[in-house]
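Undergrad: sharing a sequence plus its predicted fold:
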Amino acid sequence: MSFTPEQALEMQDRLDRAARNSRLRRAPGGFGQALASQTTSETPKLAFDGPESALHELISAELRRRRWYFVTSRMDKRSTNQVGTPDFIVAKPDGVTIWAEIKRKGSKLTPEQNITRHVLLALGHKFCVCYSMDEFLEAIK
């Protein structure tokens, strides 16, 4: 069975909405509630000094707002991805895929992440390390 890009985006949107609603029920009035209000057309632009997981939530909300397909791993459990896999793999509408590693201020790439960065760049892929929402938005232009 094949799907049109529009159908695939609609399915992704439904899955994201279900996950977001589930998260809001577990933590009423918490960060999830603030996240839900930021999924409007307004793009959050701020230098980030909070926990990395909160920056992940802001980035995910922005990508959902743009209706772009993306892959990210959960932060609350140990990843089953290959060690060094970037935090976000973003498929842009222009056919470009961006691999993005998100870091807190002052954090550095692990040796495995650095190897992954070099491999992806050597293969001609776009790779970025972002320390804020502004840096991420600049990287996905």
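TA: Ah, there it is. Residues are numbered from 1 along each chain as shown.
Undergrad: where does residue 82 land on pLDDT?
TA: On the pLDDT scale, residue 82 is placed at 88.
Undergrad: make that residue 92, sorry
TA: 95.
Undergrad: same thing with residue 13?
TA: For residue 13, pLDDT reads 67.
Undergrad: okay, now the unreliable bits of the protein?
TA: 1-5, 7-49 (pLDDT under 70).
Undergrad: make it 80
TA: For the chain, the stretches with pLDDT under 80 are 1-50, 74-80.
Undergrad: helices of that one, residue ranges please.
TA: Secondary structure of the chain (DSSP state H): helices at 5-26, 31-37, 52-66, 111-122, 133-139.
Undergrad: tabulate the CA atom coordinates of the fourth one in PDB.
TA: It stands for helix 111-122. The C-alpha trace of helix 111-122 is given here as PDB (Å, rounded to 0.1, in the frame of the first residue of the first chain):
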ATOM      1  CA  PRO A 111      33.500  10.800  20.400                       C
ATOM      2  CA  GLU A 112      30.800   8.700  18.700                       C
ATOM      3  CA  GLN A 113      28.700  11.700  17.800                       C
ATOM      4  CA  ASN A 114      31.800  13.400  16.300                       C
ATOM      5  CA  ILE A 115      32.600  10.300  14.200                       C
ATOM      6  CA  THR A 116      29.000  10.200  13.000                       C
ATOM      7  CA  ARG A 117      29.300  13.900  12.100                       C
ATOM      8  CA  HIS A 118      32.400  13.300  10.000                       C
ATOM      9  CA  VAL A 119      30.900  10.300   8.300                       C
ATOM     10  CA  LEU A 120      27.700  12.200   7.400                       C
ATOM     11  CA  LEU A 121      29.600  15.200   6.100                       C
ATOM     12  CA  ALA A 122      31.900  13.000   4.100                       C
END
